[in-house]
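[1] below: sequence and its predicted model.
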Protein chains: 2
Amino acid sequence: MKLHRVLPYAKELLLQTVEPGETVIDATAGNGNDTEFLAEHVGENGHVFAFDIQQQALDTTYTRLSSLNERVTLVLDSHANVQEYVTGEIGGAMFNLGYLPYGEDLTIITEPDSTIKAVERILGLLKVGGIVTITVYDGHKGGDIERDALLSYVKHLHQRDVHVIRYELINQRKNPPFLIAIEKMRSFTTPRQVE
Amino acid sequence: MKLHRVLPYAKELLLQTVEPGETVIDATAGNGNDTEFLAEHVGENGHVFAFDIQQQALDTTYTRLSSLNERVTLVLDSHANVQEYVTGEIGGAMFNLGYLPYGEDLTIITEPDSTIKAVERILGLLKVGGIVTITVYDGHKGGDIERDALLSYVKHLHQRDVHVIRYELINQRKNPPFLIAIEKMRSFTTPRQVE
C-alpha cells in the first residue's frame, strides 16, 4: 500500500527527521512500541526518554526493550513535567493518546491540559526541522474532548513557528486514529499562539 | 521543510506510483502545471490526457508544454466524459478543483456532479495500486458545496476497493487547499459505496 496508515506514516516522518545519536521523547510509553522503534533508530549513541503515568506501562516497556534499555530512560511521571527530566535539544517526539491498550484501568486516559502542556514544552526542546507526531484516538469516553482541545491549540500555533498537518484515512469503518504532525520552523522556547 | 505542502505532497504520491511509459490523466488542465509535471514523469513512451472545459486553459497549457505536447492529448470537454477519450488502464490521475487561476471568468468552476462522476470513472480506469489526487479549494463561492459533496462521496467508498486519505495543513492563515488521495486496492469497474 502506497498511502500509509497513520502509525506507519508517523514513523516515516520520524525516520526522515531524527538522526542517529540524537535524544528523542516517547511521551506515552504505553506498551513500548514507539519506544522500541525510537531506541532502534537513534542507535547506541542516541537516547530515548519514555514517559508514562502507569507503572504497568513502564514494566511492559522495560520487558519489551530487553538490551535496548541501555538507550532508554523510563519516567514514571506526566509528560507535562518533561522539562524536569530533559533539558537538552531533542530530535523528535511521539505521542499516542488515549488509554493504555490492555491496561488494568481503561478509564486512565491522557488528558487535554497535560497533553497540551507537554506538546508545548516538547516543541520548545525540539530542534528546528524536527517533528512531533501525535496519534489521536477519539473513540473512547473523553477522547472527543481531548481531540477538540488539542486541535484548537495546534490550529492556533503561529505558522512561522511551526507547520501543523492533519493526516487521516477517511473511509474506514472502524474509527481509526488520525495524525497530527508538527514541524518546528524556527528557534523558540514557547511557540506563539495567534487569534 | 519535511512536512510537504499539499501540491508537493500530491506530486510525491504520483511520483511514487506512476511508472514511466504509463498513461495518466490531468483531469483539470488549468494553466498546465500538473500536465507538464505528469508529461515529464511519464517520459517519451508515456502519455497524458489533459481535460479542461475552457479553451483558454488548453491554450495556456499548449504554450507551456512546448515540445512536451507530443506526449499530451488536450481535450476540450468535461472530465466526466473521460471514458469517451481514454479506454485503457491508467497509472494515475490528478484533479485541481475550483476555478481557472487568472482565467477570464472566475465563476466557471468545477461542479460537484461532474467532479464525482469523473472521479468514479477514473477510478475504474486506474491500475491497482495507483493513486488519484484531488486538491480541493473551498474558499470560492460554491467551493464549500463541492467539497462537502465530494467528501461525502469518498468517505462512503468501500475500504476494500480504495483507501482514501485527507491531508491538510491546519494552522495556515490563508485558506490553503487540502488534499484527498485515493489508492485503488483491487480491480473494479465502479467502486462500491457503503452506507
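    Happy to help now that I have it. Numbering: from 1, shown residues only, chains lettered A, B, ... in the order given.
[2] contacts only, for A:Q56.
    Residues counted as contacts of A:Q56 (Cβ atoms under 8 Å, 6 or more residues apart in numbering or on different chains) are A:100, A:103-104. C-beta here means a position set from N, CA and C on the backbone, and glycine is covered the same way.
[3] among these, name the buried ones.
    The neighbour-count criterion (16 or more other Cβ atoms under 10 Å in any protein chain shown) marks A:100, A:103 among those as buried.
[4] for the contacts of A:Q56, which one is nearest chain B?
    A:L100 (27.4 Å; Cβ to the nearest Cβ).
[5] tell me how many other residues crowd A:P176.
    Neighbour count of A:P176, defined by other Cβ atoms under 10 Å in any protein chain shown: 16.
[6] would it count as being in a strand?
    No: going by DSSP: H, G, I helix; E, B strand; the rest coil, the assignment for A:P176 is coil, not a strand.
[7] report the contact partners of the residue nearest to it when sequence neighbours are not counted.
    With Cβ to Cβ, 6 or more residues apart in numbering or on different chains as the criterion, A:P176 has its nearest non-adjacent residue at 5.7 Å, and that residue is A:L169. A:L169 sits next to A:3, A:5-6, A:176, A:178, B:163-165 when contact means Cβ under 8 Å, 6+ apart.
[8] please apply the same query to A:G142.
    A:109, A:111.
[9] quick one, helices of chain A?
    For chain A, the helices defined by DSSP state H occupy A:6-17, A:33-42, A:55-65, A:112-125, A:143-155.
[10] what does the fourth one contact?
    What that stands for is helix A:112-125. Contacts for helix A:112-125 (Cβ under 8 Å, 6+ apart): A:25, A:27, A:51, A:78-80, A:82-83, A:86-90, A:93, A:95, A:97, A:132, A:134, A:145-146, A:149-150, A:153-154, A:162, A:182, A:184, A:188-191.
[11] same question for the longest strand belonging to chain A, mean pLDDT?
    Longest strand of chain A, by residue count under DSSP state E: strand A:126-136. Across strand A:126-136, the average pLDDT comes to 97.
[12] report the angle between it and helix A:143-155.
    If you take axes from the mean of the first three to the mean of the last three Cα atoms, to 10 degrees, strand A:126-136 sits at 150 degrees to helix A:143-155.
[13] what is strand A:126-136 packed up against?
    Strand A:126-136 is packed against helix A:6-17, strand A:90-96, helix A:112-125, helix A:143-155, strand A:178-184, with contacts defined by 3 or more Cβ pairs under 8 Å, 6 or more residues apart in numbering or on different chains; DSSP states H and E.
[14] and A:F51, what are its bridge partners?
    A:V75 (DSSP bridges).
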